[in-house]
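J.: I need the structure of the sequence given here:
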Amino acid sequence: MPDNNQGSIHSASEGGVIGKHPDAGPSPLVVAPSTSSEFNTARLRLIPIACFSIGDIRFKFDSSFVLPAVQAEMTEFSALRDLDRRIKGAPISIFGHADPSFQGNFDPGNANTAGPGDDYNKNLSGRRAIAIYALLIREPSFWETLFSTHLGADVWGTDAIQIMLDAVSQQGDSSFGSSSQGSSASAQSARAQDIANDRSQRKQLFLQYMNFICGDLKLDKSVDFLARNAGTDQKGDVQGCSRFNPLVLFSSEDEDRFAQAWDDQDQPVLRGERDPRNAHNRRVLILVFRKGSQVLPAKWPCPTYKEGTAGCKKRFWSDDEARRSTHLPGIERKFKLTQDTFACRFYQRISNNSLCDSLTAVRVRLYDPYEQFIAFAPFEATIGTRAPFKGRADNDGIIILPDVEPPASCEIAWGFPPDQGQDPILLFRRTILLVGFGETGADAAVKKLSNLGYDDDDTSVSIIGFQLDYGHLTDPVLEPTGELDDRTLNLLNTVYQQAADDLRRPQLDESQPGA
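T.: The predicted structure follows:
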């Protein structure tokens with residue numbers, strides 16, 4: 001897990017992670033003597049200094065349409081660019097990623113799931129990447145192409161129009177919002193259909209929606225991108241990486257089960273389990289490079305977001321198919337642990353150690369002493385030995401702590417939202433003790449008791465407190481013995497899981513790591 005000398009988290013939310021990479025330090029330049037007619041050429045190595053990962057939850061499923069909630073992550077990215085001198089004005093490049101599943105699964109020996117799946121996901125990941133690019137530079141023409149040209153289920157349609165109308169209605173100066181305020185559902189639907197059929201109105205709405213999401217954050221395509229818009233179809237600035245670089249691959253048992261679910265068209269398993277568990281792999285990653293970094297499109301190895309997969313495969317590892325198709329019995333393969341799930345060696349080289357490709361997250365709800373969660377609570381979190389990072393909760397008092405693996409602990413301080421112009425005062429402090437999957441026994445029970453608020457130095461006192469509060473839920477009633485007997489452990493596991501599921505307990509509650 002990254003520590004202090006491996007960069008720091010700037011912000012983290014359900015929709016993404018923004019992190020700063022460690023300082024690469026000065027690059028040594030090797031030069032040789034030259035004659036009067038010769039010269040040495042020096043250039044900066046391509047080193048990312050920051051990253052911004054936009055999660056799958058910020059897009060409609062199997063679609064390139066960007067949802068309005070990404071405004072929160074764009075605000076944080078803008079703040080980082082404004083506040084950090086290393087990053088302000090530094091060029092970026094955008095990489096879209098899809099998940100490994102297509103139809104049933106990825107099988108190199110199956111023509112129905114191997115080649116076609118690569119091509120489809122190359123297009124979809126590229127569409128998501130160009131959607132973010134267009135958003136950042138405020139260029140509606142790219143969105144017009146996405147709207148008008150469909151790819152599988154990636155059909156924006158009137159649903160996307162209605163989402164945009166609802167979002168821009170929050171802006172007092174929106175010509176669209178004012179016309180739909182207070183309208184009936186049928187009138188709003190007719191309005192959305194009218195815009196969907198009118199290119200001029202679509203362009204106007206796209207631009208207002210982009211401004212709503214990004215606010216003051218606007219980039220210059222000729223200055224703020226790695227290839228400076230010098231290549232055809234944004235080569236070097238935007239690329240789709242298909243499903244070639246998954247962060248996690250299912251166990252062999254799960255992969256076989258999901259493949260069978262596809263054959264059976266078992267939608268509850270496919271939509272309810274496989275797709276959510278694959279969400280880590282569906283992402284758009286923005287890499288920020290050192291100031292002065294620039295690439296020549298002709299020498300950039302990645303194909304454009306419009307091109308096929310042939311150019312990608314030229315930069316693959318020699319064992320690329322084994323890397324992205326090997327499923328181990330009983331355990332998932334995770335890139336952060338094995339470093340061998342990416343097919344593309346070029347992408348692995350430039351993105352390695354990125355804090356933004358986080359697989360695990362802890363969800364925490366922040367409460368006041370009266371058992372009420374604090375909406376938009378300011379907080380400061382320290383995870384293990386890493387540098388602390390600051391942020392604020394969402395409107396449900398929930399924060400996301402990224403890239404956390406058991407047995408790490410998280411120290412969190414928080415308070416009430418300050419008045420405008422005032423610094424926050426962090427009145428409360430707690431330590432969250434992570435419980436790993438499958439971790440059982442007395443040590444795990446003590447962690448769970450602590451996370452539920454029973455953290456007395458004397459463990460028996462904590463147990464008695466828990467038994468008094470929850471013992472009535474069992475039949476017969478659980479007596480306050482202070483002992484971790486089987487009935488107490490079973491009740492503790494039930495209460496803890498419920499707290500993790502609904503995040504409504506009157507203390508800091510931790511969900512299981514994952515999506």
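
J.: Domain boundaries for this structure, per the record?
T.: 1-26+43-63+90-131+223-359, 361-502 (automatic domain parsing).

J.: Need the winner for burial among those domains.
T.: Of the domains of the chain, the one with the most neighbours on average (mean count of other CB atoms under 10 Å) is domain 1-26+43-63+90-131+223-359, at a mean of 19. Glycine gets a C-beta too; all of them are placed from N, C-alpha and C.

J.: Format the domains of the chain as a markdown table; extra columns: distance to Gln188 and mean pLDDT.
T.: Listed next are these as a markdown table, based on distance: least, CB to CB, whole Å; pLDDT from 0 to 100:
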| stretch | distance to Gln188 | mean pLDDT |
| --- | --- | --- |
| domain 1-26+43-63+90-131+223-359 | 19 | 91 |
| domain 361-502 | 24 | 87 |
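
J.: so where do the strands sit in this structure?
T.: 8-13, 16-20, 48-55, 92-97, 238-240, 248-249, 283-289, 333-334, 361-365, 378-383, 389-392, 398-402, 409-414, 428-433 (DSSP state E).

J.: Any chance of these in CSV with distance to Gly104 as columns?
T.: Shown next, in CSV, are the strands of the chain (distance: least, CB to CB, whole Å):
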stretch, distance to Gly104
strand 8-13, 33
strand 16-20, 29
strand 48-55, 25
strand 92-97, 20
strand 238-240, 22
strand 248-249, 15
strand 283-289, 22
strand 333-334, 19
strand 361-365, 28
strand 378-383, 38
strand 389-392, 40
strand 398-402, 31
strand 409-414, 39
strand 428-433, 39
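
J.: Can you tell me which of the ones you listed is nearest to Gln498?
T.: Proximity to Gln498, assessed across the strands of the chain by CB to CB, is greatest for strand 361-365 (13.4 Å).

J.: what pairs with that closest one, and is each one parallel or antiparallel?
T.: If you go by DSSP bridges, strand 361-365 pairs up with strand 398-402 (antiparallel).

J.: Residues contacting the partner strand, please?
T.: 9, 12-14, 17, 355, 358, 360-366, 373, 377, 379, 381, 383, 391-393, 410, 412, 432, 503 (CB atoms under 8 Å, 6 or more residues apart in numbering).

J.: can you give me the helices in the stretch 401-515 of the chain?
T.: For the stretch 401-515 of the chain, the helices defined by DSSP state H, counting those that start in this stretch cover 441-451, 459-470, 486-502.

J.: Of all those, which one is nearest Asn121?
T.: Closest approach to Asn121 among the helices of the stretch 401-515 of the chain (CB to CB): helix 486-502, 31.6 Å.

J.: Can you list phi and psi of Leu219 for me?
T.: phi -100, psi 160 (degrees, to the nearest 10).

J.: now the nearest residue to it once chain neighbours are set aside: how far from Ile54?
T.: The shortest distance from Leu219 to any non-neighbouring residue, by CB to CB, 6 or more residues apart in numbering, is to Leu136 (4.6 Å). Separation of Leu136 from Ile54 (CB to CB, to the nearest Å) stands at 11 Å.

J.: Next: Glu483.
T.: 49 Å.

J.: Over to Arg127?
T.: 14 Å.

J.: Now the helices of the stretch 401-515 of the chain in JSON lines, please, with extra columns for distance to Phe225.
T.: Converted to JSON lines, the helices of the stretch 401-515 of the chain look like this (distance: least, CB to CB, whole Å):
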{"stretch": "helix 441-451", "distance to Phe225": "44"}
{"stretch": "helix 459-470", "distance to Phe225": "55"}
{"stretch": "helix 486-502", "distance to Phe225": "41"}
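
J.: Which one, of those, ends up nearest to Ala387?
T.: That would be, of the helices of the stretch 401-515 of the chain and by CB to CB, helix 441-451, which comes in at 23.3 Å.

J.: okay, now the nearest residue to Gln71 once chain neighbours are set aside: neighbour count?
T.: Leaving aside its sequence neighbours, Gln71 sits nearest to Ile213 (CB to CB, 6+ apart; 4.8 Å). By other CB atoms under 10 Å, the residues close to Ile213 number 24.

J.: Report the contact partners of Ile213.
T.: Contacts of Ile213 (CB under 8 Å, 6+ apart): Val66, Pro68, Val70, Gln71, Met74, Leu135, Ala167.
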